[in-house]
Structure formats: C-alpha cells, structure tokens
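J.: Only the shape, not the letters, is given here:
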C-alpha cells in the first residue's frame, strides 16, 4: 500500500480517520501492517501491500 493513500482513506465502518501502523515496508510501499481507527477501535490488516478494508464481520 502506498503511503499516499492515507490522504483519501477513512474507516469503512464509521468514516473516522485511520492511523497507519507499519510492520514491514520497502522504499515504495507498506508491505505489512495495519490501519487503525481510534474512533470505533477497528483494525484493518495490510498483508503483502494490500489493505483489507472490509468490515470485521465480512473478513
């Protein structure tokens, strides 16, 4: 996931702002980590550079 996406992403559940938590990255993108919403306390995983923004009940 490219870090530039953070400017347009929001929580799909409550539309709150997301925080990026990086576990592994390269020069171009975040490879593993999570997106976290403080407003509704949901966490969305990033695996192999792909963020999973499905609500928890649909993952």
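T.: The structure has been received and is ready for your questions. Being a predicted model, the structure only gives us computed values, none of them experimental. Residues are numbered from 1 along each chain as shown.
J.: who touches the residue nearest to residue 39 when sequence neighbours are not counted in this structure?
T.: Spatial nearest neighbour of residue 39, chain neighbours left out: residue 16 (3.2 Å); criterion: CB to CB, 6 or more residues apart in numbering. Placement of C-beta: from N, CA and C, glycine included. By CB atoms under 8 Å, 6 or more residues apart in numbering, residue 16 lies in contact with 10, 37, 38, 39, 40.
J.: now, which of the residues you listed sits nearest residue 20?
T.: residue 37 (11.4 Å; CB to CB).
J.: Number of residues surrounding the closest one?
T.: 19 (other CB atoms under 10 Å).
J.: thinking it is in contact with residue 15, fair?
T.: No. Residue 37 is not in contact with residue 15 according to CB atoms under 8 Å; the separation is 9.2 Å.
J.: circling back: ChimeraX command for the buried members of the contacts of residue 16?
T.: Applying 16 or more other CB atoms under 10 Å to the contacts of residue 16, the buried members can be selected in ChimeraX as follows:
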select :37
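J.: biggest separation within the contacts of residue 16, which pair?
T.: Using CB to CB, the two most remote members of those are 10 and 38, lying 12.2 Å apart.
J.: where do the contact lists of these two overlap?
T.: Common neighbours of residue 10 and residue 38 (criterion: CB under 8 Å, 6+ apart): 16, 17.
J.: any chance you could map the strands in the chain?
T.: 18-25, 30-37, 42-47, 50-51 (DSSP state E).
J.: tell me, what residue is most central in the protein?
T.: residue 35 (2.8 Å; CA atoms, centre = their mean).
J.: Give me the neighbour count for residue 12.
T.: Using other CB under 10 Å as the criterion, residue 12 is surrounded by 15 other residues.
J.: shouldn't it be in contact with residue 53?
T.: Yes. Shown here, residue 12 and residue 53 form a contact pair, counting by CB under 8 Å, at 5.2 Å.
J.: List phi and psi for the residue nearest to residue 55 when sequence neighbours are not counted.
T.: Closest residue in space to residue 55, ignoring its immediate chain neighbours: residue 13 at 5.6 Å, by CB to CB, 6+ apart. The phi and psi values for residue 13, taken as degrees, to the nearest 10, are phi -90, psi -50.
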